[in-house]
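Undergrad: Here is a sequence with its predicted model. Questions after.
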Amino acid sequence: MKRQVTKKAWAGRFTEAPNPLMEAFTSSLAFDRRLAPYDIRGSIAHCRMLVKQKILSRTEGEKIVKGLESVQREWAQGRFPFLPADEDIHMAIERRLTEKIGPVGGKLHTARSRNDQVLLDVRLYLRDEITFIQQLLSALQKQLARLAKRYSEVVMPGYTHLQRAQPVLLAHHLLAYYEMLSRDQQRLQQCGERVNVLPLGAGALAGTTLPIDRHHVAKLLGFPRVSENSLDTVADRDFLVEFLSVCAILSMHLSRLAEELVLWSSSEFGFIELPDAFATGSSMMPQKKNPDVPELIRGKTGRVYGNLFALLTVLKGLPLSYNRDLQEDKEPLFDTIDTVKGVLRVLEAMLPQLVFRQDRLRAAALGGFTLATDVADYLVEKGLPFRKAHEVVGAVVRWCLAEKKGLEELSQEEWQRFSPLFEQDLFPRLTLESAVDRRSSYGGTARSEVQRRLRSIKL
Ligand code: ARG
């Protein structure tokens, strides 16, 4: 009796019952169940096409669609009854459909294979997830731009080699991340175009002898294109590799931002105060406030990279066309989607609550001789070759280090010991505001440039 209920769709050829270990090992149900709503939607479109092509009768088609709709309701209400013998979500749904409407349910799989069906489900699912991730990313970009606007006058040290280099606007630094995320948006968009191709109708690998209309299914499901080669269609996972790469790059960007938040919140930098609601304490050291959120954002990048490599490795030795190895595409995909969405959500919520300590930023920007390039540029304007100017200012810095003085503390007489070209008009140059605002080359850190960029961003 039990065997009757759990009979496999492919049991016809077999004389022995499946080994439970084999069933557990090959099952994908534990993770592919999230595809259920897409599987049902795809099946309804497939069934409508079969009716239009007179492969199924109108009555059969109606029964199947009604049955699928009722399975969808069960799913949405969390009442879908899984069985241990369900091999994957596609089999589970078809099994449930047949329980509900009888043997006519067996006609749904006409002119289709799970090989093209699983791709349809994944493409429909990923298409939605990409849109969702794009929205989360836009929201995060908006928060970055708002923060830039809020702190639009604040100066901080810009770094190279993690050594103080030249003063920049905090807004300029924040908008650097905005630009990275804009490229991530473009990549998601372009990747989405290659996801948006109908695979159904490729059959198991070679197409089908039945008179299907793939373009009709594409229209019903909103796919602008239909795949060209059935073998390629069931073997191809490029669109997933591409998506995982795009997410790896995005995660790398977010990890760099996270790393800066970790550094900036340390007492050594003291540039930011993390909101209490997004920090954690130590169970042992009462004084601690730890940046666990940015640390985990940085840490989770590891699994996003790993997922990309897992999939590339699964694919590298596969002969055409479908191989069961390809079932291993799903966990890396789902894990990356969940991880990236989690990271984007928490960052978007945390950013507006960051408090920047303007006094600390300013003090750090003044230290470290960050105006040295400005002094060299001054000498260049007075006609000195840049190499020579560099040398002169190098000597000034060396002297200041010995005397424990900052550049802005030197008198004109002291300056003139290094070059007669130093005159009174040097002094107005030796402020952070002047150093920032004079860097007004396109895309530079000058307030005028940063304001121009901010104006082009919708807030
Ligand atoms: N669960 C399978 C997967 O994700 C569905 C396709 C099964 N096809 C097959 N020929 N066994 O790849």
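TA: That came through, no problem. Numbering: from 1, shown residues only.
Undergrad: so where's this structure uncertain?
TA: Along the chain, the model assigns pLDDT under 70 to residues 1-6.
Undergrad: Which positions in it make contact with the ligand?
TA: S28, D88, R114, N115, V118, Y322, R324, L326, Q327 (Cβ under 6 Å from any ligand atom). In short, each C-beta sits where N, CA and C put it, glycine included.
Undergrad: If you rank those residues by neighbours, which is first?
TA: Within the residues of the chain next to the ligand, most neighbours by other Cβ atoms under 10 Å means V118, with 25 neighbours.
Undergrad: by contact count, what packs against the helix or strand that residue falls within?
TA: Counting by DSSP states H and E, the element that carries V118 is helix 114-150. Secondary-structure packing of helix 114-150 (3 or more Cβ pairs under 8 Å, 6 or more residues apart in numbering; DSSP states H and E): helix 36-52, helix 89-101, helix 170-195, strand 197-198, helix 230-235, helix 238-265, helix 330-350, helix 447-455.
Undergrad: In TSV, list those along with mean neighbour count.
TA: Shown next, in TSV, are those (neighbours: other Cβ atoms under 10 Å):
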stretch	mean neighbour count
helix 36-52	22
helix 89-101	21
helix 170-195	18
strand 197-198	22
helix 230-235	20
helix 238-265	20
helix 330-350	19
helix 447-455	16
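Undergrad: Specify the stretch among the ones you listed that is closest to H161.
TA: helix 238-265 (13.9 Å; Cβ to Cβ).
Undergrad: continuing past the closest one, what's the next helix or strand?
TA: Taking DSSP H and E, what comes next after helix 238-265 is strand 272-273.
Undergrad: Return the list of strands paired to that following strand, each annotated with direction.
TA: strand 355-356 (antiparallel) (DSSP bridges).
Undergrad: distance between the partner strand and the chain's centre?
TA: 26 Å (Cα atoms, centre = their mean, to the nearest Å).
Undergrad: Check stretch 265-272 too.
TA: 28 Å.
Undergrad: Mind listing what's buried along that stretch?
TA: When neighbours are counted by 16 or more other Cβ atoms under 10 Å, the buried residues of stretch 265-272 are found to be S265, F269, F271, I272.
Undergrad: rewinding a little: looking at the helices and strands packed on helix 114-150, spot the one closest to P211.
TA: By Cβ to Cβ (comparing all of the helices and strands packed on helix 114-150), the closest turns out to be helix 36-52, at 9.8 Å.
Undergrad: What helices and strands are in contact with that closest one?
TA: Helix 36-52 packs on helix 58-76, helix 89-101, helix 114-150, helix 214-221, going by 3+ Cβ pairs under 8 Å, 6+ apart.
Undergrad: Next, the angle helix 36-52 makes with the last one.
TA: Counting by axes from the mean of the first three to the mean of the last three Cα atoms, to 10 degrees, helix 214-221 points 130 degrees away from the direction of helix 36-52.
Undergrad: Can you give me the buried ones in helix 214-221?
TA: By neighbour count on 16+ other Cβ under 10 Å, the buried set for helix 214-221 is R214, V217, A218, L220, L221.
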